[in-house]
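Novice: Predicted model and sequence below, questions to follow.
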Amino acid sequence: MTSTIQLLVMAGGLLVAMMLGYAALSGPSASKEGGRRLQSVRFRHSENTVDKVEAQYRKTVASRKPKAARIAGSGSKLEALELRLHRTGKGWTLTQYLYVSAGLAIAAFLGVVLKTGAPVLALGAAVLIGGGIPHFIVGRAISKRSENFTARLPDALDLLVRGLRSGLPVTETLGVVASELPGPVGEEFKLVTDRIKVGRTMEDALQDTADRLNMPEFNFFCITLAIQRETGGNLAETLSNLSDVLRKRAQMKLKISAMSSESKASAYIVGALPFIVFALIYWINPAYLGNFFVDDRLIIAGLGGLTWLGIGAFIMAKMVNFEI
């Protein structure tokens with residue numbers, strides 16, 4: 001049995017080494033690099049208005065990327081966790097999150113140990129429950145707030161357009177949006193106006209919010225304002241077009257969600273069925289599956305099944321996940 005485990009470990013290590021060697025020696029794709037060079041030359045020397053606008057857009061995005069990457073990647077894991085908690089809009093603190101995670105982990109560990117007498121299984125269940133459930137709840141809260149923000153952002157842009165066409169400056173229209181729109185849109189624009197009042201520039205205030213939210217729709221809005229300030233033009237018309245684009249983007253997301261709902265339901269059923277069957281059999285006849293937690297062969301078989309099940313779930317998730 002020990003030789004089998006050693007063989008599996010050696011095979012896994014060899015596979016990882018081969019993958020790392022391929023990634024290190026393969027290098028960048030020559031065709032993609034040539035395409036990027038031709039595209040950069042076209043943007044640099046073309047007299048077409050569309051190419052000039054796209055070149056300016058790429059230049060603005062490139063100038064903003066280092067700052068966003070530095071903010072998103074700087075600090076520790078605790079700082080990233082605090083940022084996730086802030087994105088929920090619930091006012092949850094890092095201390096509360098850690099206390100809840102530790103409490104769930106201790107309860108799961110004690111429950112599994114008293115039920116099965118397997119400390120290794122209890123430790124795995126404690127890590128899974130104590131780390132997974134709070135992470136899932138925070139992720140769901142962020143997703144719901146992001147969906148609410150995305151749904152109301154076009155209305156905020158329409159309100160900005162009406163304010164600009166009536167003669168108000170941009171900073172005043174941001175204050176109008178903060179006071180008129182409820183929910184996360186009004187809260188985030190309120191934070192932007194508060195930063196502007198204490199001396200921050202509008203670009204920096206918007207960039208702080210964009211880094212914290214990490215949403216493509218709000219990034220589009222920030223980039224649109226940055227390009228308009230560098231190149232000039234009718235800001236009201238630009239924001240009106242952006243509002244129309246965001247609404248069409250939301251409609252496309254809903255259409256994709258409707259078309260992939262059947263596949264997602266099938267993936268959920270297929271992924272949950274083994275765990276449901278295992279739990280029912282263990283509840284009806286615990287002795288039938290008692291050796292599953294102590295026999296090395298059954299443990300290896302279970303880990304292999306979980307690995308393949310995870311790979312299948314990952315593939316199905318990628319098949320129904322579309323970027324717009």
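Specialist: Noted; the coordinates are in hand. Numbers count the residues shown, from 1 in each chain.

Novice: which residue ranges form the strands in this structure?
Specialist: Using DSSP state E, no strands are assigned anywhere in the chain.

Novice: For it, list the residue farthest from the centre, please.
Specialist: In the chain, the residue that sits farthest from the middle, by C-alpha atoms, centre = their mean, is Ala287; the gap is 42.4 Å.

Novice: give me every residue that touches that one.
Specialist: Applying C-beta atoms under 8 Å, 6 or more residues apart in numbering to Ala287 gives no contacts. Any C-beta I mention is one placed from the backbone N, CA and C, and that applies to glycine too.

Novice: Please report the distance of it from Thr116.
Specialist: 12 Å (C-beta to C-beta, to the nearest Å).

Novice: any weak-confidence spans in the stretch 51-200 of the chain?
Specialist: 51-75 (pLDDT under 70).

Novice: List the contacts of Ala151.
Specialist: So Ala151 contacts Ala250 (C-beta under 8 Å, 6+ apart).

Novice: you'd agree Arg145 is up against His86?
Specialist: No. Taking C-beta atoms under 8 Å as the definition, Arg145 is not a contact partner of His86, at 10.5 Å.

Novice: Which per-residue confidence value corresponds to Asn219?
Specialist: Confidence at Asn219, expressed as pLDDT, is 86.

Novice: Tell me if I'm right that it and Thr209 touch.
Specialist: No. Counting by C-beta under 8 Å, Asn219 does not reach Thr209; the two are 10.1 Å apart.

Novice: Ramachandran angles for Pro182?
Specialist: phi -80, psi 170 (degrees, to the nearest 10).

Novice: what's the burial count for it?
Specialist: For Pro182, the neighbour count with other C-beta atoms under 10 Å is 9.

Novice: Next: Leu289.
Specialist: Neighbours of Leu289 using other C-beta under 10 Å come to 16.

Novice: State the distance from it to Val127.
Specialist: The value you get for Leu289 to Val127, if C-beta to C-beta is used, is 21 Å.
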